[in-house]
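Student: fold the following for me, if possible:
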Amino acid sequence: MRRLLAYMGRRLAAGFLTLFGAIALTFLVYWAIPTKPATYVYPDASSITPAQAAHANHLLGLDRPKVVQYVDYLSHLLRGDLGHQWSGTRLIENTQLSQRPVGDVLYPDLRITLSIILGGAVLVLLLAVPFGTFAGSRVGSWSDRTISLVALIGICTHPMVVGLILEGTFGHLRTFRIAGYCPLVPDRGSLCGGLADWSTHLILPWITFALLFLALYTRMIRLSVAETLHEDYVRTARAKGAGESRVLAFHVLPSASLRVLTMIGMEIGTAIGVAIYIEAAFGIRGLGRLSVVAMTGTNDALDLPLILAVVSIVTVIVVVGNLLVDLLYAVLDPRAGRETVRPRTKSLAGGVF
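Tutor: Next comes the predicted model:
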């Protein structure tokens, strides 16, 4: 247990360093890009005077040293405060600003993106495990070659192309919705909501997500199963009279799951990028649309708090996801986190340790 806690502590420290580094890099990129944040305070960019620009920078806190801005943002972030959005800012009596919290804009879109990722991931596992196991236990057969060919086609196809094909093929059916989103828990004023509306609007995005990752995980599970079937402990289990289904379920798949867990940790960031493409293909509001809004800005001025919030949330998702994967890996494989330390030996000649 102590070794496991130490291992997770090291992983958590590395995650925090990654988060702080990503935010610092975003700050550096923003400061290197010529921008006009005063246009959020004074919409008429053509008539902004130097005094108004300086006043706007003061109200937005941009006249402070860069290091102070970075530390202040981190302190607010650790308290769960993502700041206030610059878009839609209104000047009140020339002394203060009326701004909208970034969380009011980001969290609804984040729920949509996570719905696509989590639903698609469940569908991937439900399909990849039986397909990969079936192909790995019958290497060289026609079924194995067919599954491998379909997986190869899936890997080579762009997710937006898959989404458009599914939209054109199944969009006319009433079972599917080709655009928009309905929340699982209806909000006040929502025109739709509930489990039925939520699933019918997301089933095509889930299938699109699954088709891309299904190929990768099917091939990974197939390879793991094919290799594990030749291990000595599998032969021992068969020699003791265990059936083929029991061997696969209790001896082969637990070992193959370690490699799958490694792939899941590596593909979390890729999954977010794929979800953004899927949102564009099906016209769904999510982190992808929000990122475009933040990077487009208003009158050549980027919305820095919104950009930082998106970067921070995506980084937190990747870090937390990898921590969960590491924890599961350490539980399934007790060797995880174990450091090899050579015992110090005493020299009989010189008494040197």
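Student: and the helix or strand harbouring I313, what does it pack against?
Tutor: Assigning secondary structure by DSSP states H and E places I313 in helix 304-332. Here helix 304-332 touches helix 2-32, strand 84-92, helix 102-136, helix 253-266, helix 268-282, helix 287-296, going by 3 or more Cβ pairs under 8 Å, 6 or more residues apart in numbering; DSSP states H and E. The C-beta positions use only the backbone N, C-alpha and C, and glycine is treated the same way.
Student: want to throw the ones you listed into CSV with mean neighbour count?
Tutor: Converted to CSV, the helices and strands packed on helix 304-332 look like this (neighbours: other Cβ atoms under 10 Å):
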stretch, mean neighbour count
helix 2-32, 14
strand 84-92, 17
helix 102-136, 19
helix 253-266, 17
helix 268-282, 21
helix 287-296, 18
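Student: would a markdown table of those with mean pLDDT be doable?
Tutor: What follows is these, written out as a markdown table (pLDDT from 0 to 100):
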| stretch | mean pLDDT |
| --- | --- |
| helix 2-32 | 80 |
| strand 84-92 | 77 |
| helix 102-136 | 87 |
| helix 253-266 | 80 |
| helix 268-282 | 83 |
| helix 287-296 | 78 |
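Student: closest to V185 out of those?
Tutor: Among the helices and strands packed on helix 304-332, helix 102-136 comes nearest to V185, with 9.5 Å by Cβ to Cβ.
Student: what's the offset of that closest one from the middle of its chain?
Tutor: The chain centroid and the centroid of helix 102-136 are separated by 10 Å under Cα atoms, centre = their mean, to the nearest Å.
Student: and the next element down the chain from that helix?
Tutor: Assigned by DSSP H and E, the successor of helix 102-136 is helix 142-156.
Student: report the mean per-residue pLDDT for that following helix.
Tutor: For helix 142-156, mean pLDDT is 77.
Student: show me what counts as buried in that helix.
Tutor: Neighbour-count burial for helix 142-156 flags D144, I147, S148, A151, G154 (criterion: 16 or more other Cβ atoms under 10 Å).
Student: out of the helices and strands packed on helix 304-332, which comes closest to A56?
Tutor: strand 84-92 (8.4 Å).
Student: for the closest one, what is the distance to the chain centroid?
Tutor: Averaging C-alpha positions (Cα atoms, centre = their mean) puts strand 84-92 29 Å from its chain's average.
Student: out of the buried residues of helix 142-156, the closest to E231 would be?
Tutor: Nearest to E231 among these, counting by Cβ to Cβ, is D144 at 19.5 Å.
Student: hang on, isn't that closest one packed against R222?
Tutor: Yes - with contact defined as Cβ atoms under 8 Å, D144 reaches R222; the gap is 7.4 Å.
Student: what do the two both touch?
Tutor: A135, G136 (Cβ atoms under 8 Å, 6 or more residues apart in numbering).
Student: I'd like the mean pLDDT over the helix holding I313, please.
Tutor: The average pLDDT within helix 304-332 is 82.
Student: that older thread, go through the helices and strands packed on helix 304-332 and name the closest to T208.
Tutor: helix 268-282 (5.3 Å).
Student: which neighbouring elements make contact with the closest one?
Tutor: Going by 3+ Cβ pairs under 8 Å, 6+ apart, helix 268-282 lies up against helix 102-136, helix 159-170, helix 195-228, helix 287-296, helix 304-332.
Student: out of the ones you listed, the one nearest F16 is which?
Tutor: F16 lies closest, by Cβ to Cβ, to one member of the helices and strands packed on helix 268-282: helix 304-332, at 7.9 Å.
Student: on that earlier part again, export the helices and strands packed on helix 268-282 to CSV and tack on distance to T95?
Tutor: CSV is the format used below for the helices and strands packed on helix 268-282 (distance: least, Cβ to Cβ, whole Å):
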stretch, distance to T95
helix 102-136, 22
helix 159-170, 47
helix 195-228, 45
helix 287-296, 27
helix 304-332, 20
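Student: out of the ones you listed, nearest to G269?
Tutor: Of the helices and strands packed on helix 268-282, nearest to G269 by Cβ to Cβ is helix 304-332, at 5.2 Å.
Student: run a quick neighbour tally on Y181.
Tutor: Residues lying near Y181 (other Cβ atoms under 10 Å) number 23.
Student: next, it: secondary structure please.
Tutor: Under DSSP: H, G, I helix; E, B strand; the rest coil, Y181 falls in the coil class.
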